[in-house]
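1. Would you be able to build a 3D model of this:
(chains A and B)
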Amino acid sequence: MERSIAYIALFAALTAALGLVPQITLASGVPVTAQSMGIMLCGTVLGARRGFLAVLLFLLLVALGLPLLSGGRGGLGVFGSPTAGFLFGFPVAAFVTGLIMERMRSVAVLPTAILASLIGGVLVLYLFGVTGMAITLKKSFFEAAALILVYIPGDLMKAVITGLLTSGLARARPGSLLSRPA
Amino acid sequence: MISLTFPTRTWAHPVPVGWKLACLSGATVVLFSFGSLAVQTAALSLTAVLYLSAGRGFAWSGLKTLRILWPFLTVIVLWHLIEGSPHEGLSIALRLMSTVALANFVTMTSRLSDMIDLAAWLLSPLRRLGLSTRGLEIAIALVIRFTPLLSLRGAQLVDAWRARSARRPSWRIALPLTVMALDDADHVAEALKARGGIQ
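-> Predicted coordinates:
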C-alpha cells in the first residue's frame, strides 16, 4: 500500500517535472512537450490502475492551482480551454497503456511498451483531445483533427522513446515495473 | 512549490473557495445557455471589470494567462468568417475567453491550502463511510515535495550532459531521471512504513 502510494505520487511528480523540459510551441497552440511521455510512462511502468491514479492525482493538483502543465500552466482555466480534451484523456491514456502492458505479459517489454504507448498515449489520447477541440471550437471531429495533424509524428516518436525508456528501466531496476510484477 | 495564486492580497482572496467555485459553476452554466453576441460581450465586459476590481497588476497578470488562447481565438473567428457566420464565431471566441478568465480568477485568488481544505471537505463523506483519505493527503504532499526536486535533478542532468558533449541533450536523459524517481519512491515507501504506514 505504501509502495503504491509512493510510486503513484512520484510518477505524478515525474510527469510534472517532464512538463518543465523546454517545449516547442507550434502554430495552432498545442505545445510539443515531453509531458505526454510522462503520461505514457505512468502507464507502462505503473500499470493500468496505478497509472490511472497517478495521472488523476497530477490533474487534481493542476486543478488546485499548481503550475504542473508544460509551460508552467495550471489552475482551473486550463480545463475550459480547447486543449482540455487532452487533459481529460490523460488518465484514460495511461490506463489503456498500462492495460496493454499488463495483458501482453508474454511479449517482451520493448515491443509491448511501444505498442502500448502508441495505442494508449497517441490513439486514445488524440481521440479525447480532438473530440474536446471539436466541442469547444464547434467544429466537426475531422476539421478539428486537421488542426493538429502536425503533432502526430512528434507523438509517434515519443511513443517509441517511451518504449525504449521502459525497456531500459526494466534492465536498470528489475522488478520496478509494477505493470509486470516478477 | 510556488502555486498560481496571485501574491498580492485582493478583496477576493478571503472569500471562501467553495463560494467562488459555486459562482464559477453558475456563471459557466449561464455562459453556455445563452449564445447571443450581446450576452457574451456583456459577460466578457463584466469579467474584465471583475479583474480590474482586484487591481491593475492583477488584471494584467490575468490577461497574460489568456495569451495562450490567441491561436484558437484566431482560428475560430477566421473560420466562422469564411463560413459566413461571423457573429457566431465572435460569440464563441468571447465565451471561451470569459470561461477561461473566470476559472483563472478563482485560481488566482485562492490559496493552495484553502483548495486542499476544500478537497478534504468534499471527500469527508468518504471518511464517514469508513474509507481513509490519509493516502490521498500524503500523496498530494509527496507530489508537492518531489516535483521541484525532480525538475532540479532534470536540470542537473542537462548540465552534466552539456559539460560532456557539444550535442544537444537527447531523450536519453529521461532514463536516469526516471530511475531516480523510482529510487525515491522506494525510499519514501520504506520511510512511510517505518513511521507506521498509512492506515
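2. What segments of chain B are helices?
-> B:17-33, B:37-53, B:56-65, B:70-83, B:86-108, B:112-122, B:124-128, B:134-164, B:174-194 (DSSP state H).
3. Show me which helix runs longest in chain A.
-> Looking across chain A with DSSP H, the single longest helix is helix A:35-63.
4. And the least confident helix or strand in chain B by mean pLDDT, how far out from the chain middle?
-> In chain B, no helix or strand scores lower on mean pLDDT, DSSP states H and E than helix B:124-128, which sits at a mean of 81. Taking the mean of its C-alpha atoms, helix B:124-128 sits 26 Å from the chain's own mean (C-alpha atoms, centre = their mean, to the nearest Å).
5. I'd like the distance from stretch B:142-151 to the chain centre, please.
-> Computed by C-alpha atoms, centre = their mean, the chain-centroid distance of stretch B:142-151 equals 16 Å.
6. near chain A at all, the least confident helix or strand of chain B?
-> No - Helix B:124-128 does not reach chain A (C-beta under 8 Å from any C-beta of the partner chain); its nearest approach is 14.5 Å. Using the backbone N, CA and C atoms, a C-beta is placed for each residue, glycine as well.
7. if we can go back for a sec, tell me the angle of the longest helix of chain A relative to helix B:174-194?
-> Here the directions of helix A:35-63 and helix B:174-194 differ by 40 degrees (axes from the mean of the first three to the mean of the last three C-alpha atoms, to 10 degrees).
8. Show me what helix A:35-63 is packed up against.
-> Using 3 or more C-beta pairs under 8 Å, 6 or more residues apart in numbering or on different chains; DSSP states H and E, the elements in contact with helix A:35-63 are helix A:2-19, helix A:84-103, helix A:109-116, helix A:152-172, helix B:134-164, helix B:174-194.
9. For it, buried residues please.
-> For helix A:35-63, burial by neighbour count (16 or more other C-beta atoms under 10 Å in any protein chain shown) applies to A:35-63.
10. just stretch A:135-154 next, same as before
-> A:136, A:137, A:138, A:139, A:144, A:145, A:147, A:148, A:151.
11. now swap in stretch B:106-119 and tell me
-> For stretch B:106-119, the neighbour count (16+ other C-beta under 10 Å) marks B:106, B:107, B:108, B:109, B:110, B:111, B:112, B:114, B:115, B:116, B:118, B:119 as buried.
12. and the closest residue to residue B:108 other than its chain neighbours, what does it touch?
-> Distances taken as C-beta to C-beta, 6 or more residues apart in numbering or on different chains place residue B:6 nearest to residue B:108, at 4.4 Å, with adjacent residues excluded. Contact partners of residue B:6, counting by C-beta atoms under 8 Å, 6 or more residues apart in numbering or on different chains, are B:54, B:58, B:61, B:108, B:109.
13. Show me which of those is closest to chain A.
-> Distance to chain A across these (C-beta to the nearest C-beta) is lowest for residue B:108, with 7.4 Å.
14. roughly how far apart are the closest one and residue B:24?
-> Distance of residue B:108 to residue B:24, computed by C-beta to C-beta, to the nearest Å: 12 Å.
15. Tell me the one of the buried residues of stretch B:106-119 nearest residue A:111?
-> residue B:119 (40.0 Å; C-beta to C-beta).
16. right, and that closest one touches residue A:60 too?
-> Yes - in this structure, residue B:119 is within contact of residue A:60 by C-beta atoms under 8 Å, at 7.3 Å.
17. count of residues packed around the closest residue to residue B:10 other than its chain neighbours?
-> Among residues not flanking residue B:10 along the chain, residue B:54 sits closest, at 3.9 Å (C-beta to C-beta, 6+ apart). Residues near residue B:54, counting by other C-beta atoms under 10 Å in any protein chain shown, number 21.
18. ditto for residue B:44
-> Using other C-beta under 10 Å, the number of residues around residue B:44 comes to 20.
19. Report the contact partners of it.
-> Shown in contact with residue B:44 (C-beta under 8 Å, 6+ apart): B:94, B:97, B:98, B:101.
20. What is the nearest of those residues to chain A?
-> Within the contacts of residue B:44, proximity to chain A (C-beta to the nearest C-beta) peaks at residue B:101, which comes in at 7.2 Å.
21. Tell me the spatial nearest neighbour of that closest one, not counting adjacent residues.
-> Residue B:101's closest residue in space is residue B:47 (C-beta to C-beta, 6+ apart), at 5.0 Å.
22. Report whether stretch A:88-105 contacts chain B.
-> No - Stretch A:88-105 does not reach chain B (C-beta under 8 Å from any C-beta); its nearest approach is 14.6 Å.
23. for the chain, which spans come out with low pLDDT?
-> Going with chain A. Per-residue confidence of chain A (counting by pLDDT under 70) places the weak regions at A:22-32, A:182.
24. let's do chain B instead
-> Using pLDDT under 70, chain B drops low at B:1, B:199.
25. what's the closest of the helices and strands packed on helix A:35-63 to residue B:32?
-> With C-beta to C-beta as the criterion, residue B:32 lies closest to helix A:84-103 of the helices and strands packed on helix A:35-63, at 13.9 Å.
26. Just the angle for that closest one relative to helix A:109-116, thanks.
-> 150 degrees.
27. Pull out the buried residues from helix A:84-103.
-> The neighbour-count check on helix A:84-103 (16+ other C-beta under 10 Å) flags A:84-102 as buried.
28. now that helix, how far from the centre of its chain.
-> Offset of helix A:84-103 from its chain centre (C-alpha atoms, centre = their mean): 7 Å.
29. Excluding sequence neighbours, find me the nearest residue to residue 80.
-> As the question left the chain open, I've gone with chain A. residue B:99 (4.2 Å).
30. that's the wrong chain, I wanted chain B
-> Nearest non-adjacent residue to residue B:80, counting by C-beta to C-beta, 6+ apart: residue B:89, 2.5 Å away.
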